[in-house]
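Enquirer: Could you look at this predicted model? Sequence included:
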Amino acid sequence: MPEVAVSRRVLLATLAAWSSGIGQVSAQAGRRLHVVATTAMIGDLVAAIAAERAALHVMMGPGVDPHLYRATRADLERLLRADLVLANGLGLEGRLAETFARVARAGRSVLAVAETLPEQDLIAVADAPGAFDPHVWMDPGLWGKAAEAVAAALIRLDPDGEEPFRRNLETFRADLAALDFYAAAAVATIPADTRVLITAHDAFAYFGRRYGLAVEGIQGLSTETEAGLRRIGDLVELVVARRIPAVFAESSVPDRNLRALIEGAAARGHRVVLGGTLFSDSMGEPGSYEGTYLGMLDHNVTTIVRALGGTAPERGFAGRLAVPR
């Protein structure tokens, strides 16, 4: 996985040079910070913490796969004008390494949010020494730590905003804690024998670790990895043996491999259904509840629990989820 190493090196090198430009933005009274976030999950952190003090642009919209995303000319122009560029890092944006390098050479501030987390909190990639699973937002505890790093970056660039930034951060973390409590309680209602989450690609390891679910992805950590017939066959065996009632699609990944798995289980005499579509590498539509981090996580938890035989309200933790038609 060479993309992981290149991306991490580029982003960390940018951080080392960052301090020379800090303070220049806040000196311009009344000017909002111009922030570019690669993913909607990171953009949600900025919106929650900075509110009206930042002008935010999110590069990747609903249904966009960050593993495959290539920067457009408009993206590059925005990145080169930004006061702060926030990426996930850990190889998630594997095809943007050279773009980040160009932005760094231009003297822009780039922060790899996931790479600010303690290494002991990360899940190592078994077949890639020194590489880690980039899907850290699936654990709200880790995402709360990532929010601290984003707040610190905003404060460095806009010291006058420290008080509202910290206040907004605490509000966001309190909301995270409440949803985390709901998620743990809801997942615990799933029968032990069916507490297995099977998805299109391996994006839910942090979620599974947080809430005690076994997690299996048909594809690997990156959607560039091809799923072989043997992998699908192995999962058919698992589904049949454990009598798993449902598997899950993802909004940013085609579901053809899941359909093959469902057909394979049916051929073995076991009916498994598509339990719903989860948000993995992107969120819902902007302006919707599912288009926020809290709404995305609420949707995922509620969908998984209900499809695997647990108990959760149809409209989720906050009563705001859209009801499938």
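Expert: All right, it came through fine.
Enquirer: Between the two ends of stretch 181-196, how far is it?
Expert: For stretch 181-196, the first-to-last residue distance is 20 Å (CA to CA, to the nearest Å).
Enquirer: how much distance is there from that stretch to the middle of the chain?
Expert: Relative to the mean C-alpha coordinate of its chain, stretch 181-196 is positioned 21 Å out (CA atoms, centre = their mean, to the nearest Å).
Enquirer: before we move on, what about stretch 143-155?
Expert: Its chain's average C-alpha position is 15 Å from that of stretch 143-155, according to CA atoms, centre = their mean.
Enquirer: all numbers from here: first residue = 19
Expert: Taking 19 as the first residue, the last one we looked at is stretch 161-173.
Enquirer: For the nearest residue to residue 108 once chain neighbours are set aside, which residues are in contact?
Expert: Counting by CB to CB, 6 or more residues apart in numbering, residue 108 lies nearest to residue 152, which is 3.6 Å off, once chain neighbours are set aside. Any C-beta I mention is one placed from the backbone N, CA and C, and that applies to glycine too. The contact partners of residue 152, taken as CB atoms under 8 Å, 6 or more residues apart in numbering, are 106-110, 132, 239.
Enquirer: one more time with 6 Å
Expert: By CB atoms under 6 Å, 6 or more residues apart in numbering, the residues touching residue 152 are 106, 108-110, 132.
Enquirer: ok, the most centrally placed residue in the chain to residue 65 distance?
Expert: Centroid-nearest residue in the chain: residue 155, 4.3 Å away (criterion: CA atoms, centre = their mean). Per CB to CB, to the nearest Å, residue 155 is found 14 Å from residue 65.
Enquirer: Please apply the same query to residue 314.
Expert: Going from residue 314 to residue 65 by CB to CB gives 13 Å.
Enquirer: With residue 187 instead?
Expert: 12 Å.
Enquirer: Surely the residue nearest to the centre of the chain is in a helix?
Expert: Yes: the assignment for residue 155 is a helix, going by DSSP: H, G, I helix; E, B strand; the rest coil.
Enquirer: close enough to count as contact, residue 158 and residue 192?
Expert: No: with contact defined as CB atoms under 6 Å, residue 158 does not reach residue 192; the gap is 11.6 Å.
Enquirer: Among those two, which residue is more densely surrounded?
Expert: Set residue 158 next to residue 192 and count neighbours by other CB atoms under 10 Å: residue 158 wins out with 24 against 11.
Enquirer: Per-residue pLDDT of the more buried one, please?
Expert: pLDDT, the model's per-residue confidence, is 97 for residue 158.
Enquirer: ok, now the one 4 residues further on?
Expert: Note on residue 162: pLDDT of 97.
Enquirer: Please enumerate the helices of the stretch 119-268 of the chain.
Expert: Using DSSP state H, counting those that start in this stretch, the helices of the stretch 119-268 of the chain run over 158-175, 180-205, 223-229, 247-260.
Enquirer: SS state for residue 301?
Expert: coil.
Enquirer: Residue 73 belongs to a strand, doesn't it?
Expert: Yes: according to three-state DSSP, residue 73 belongs to a strand.
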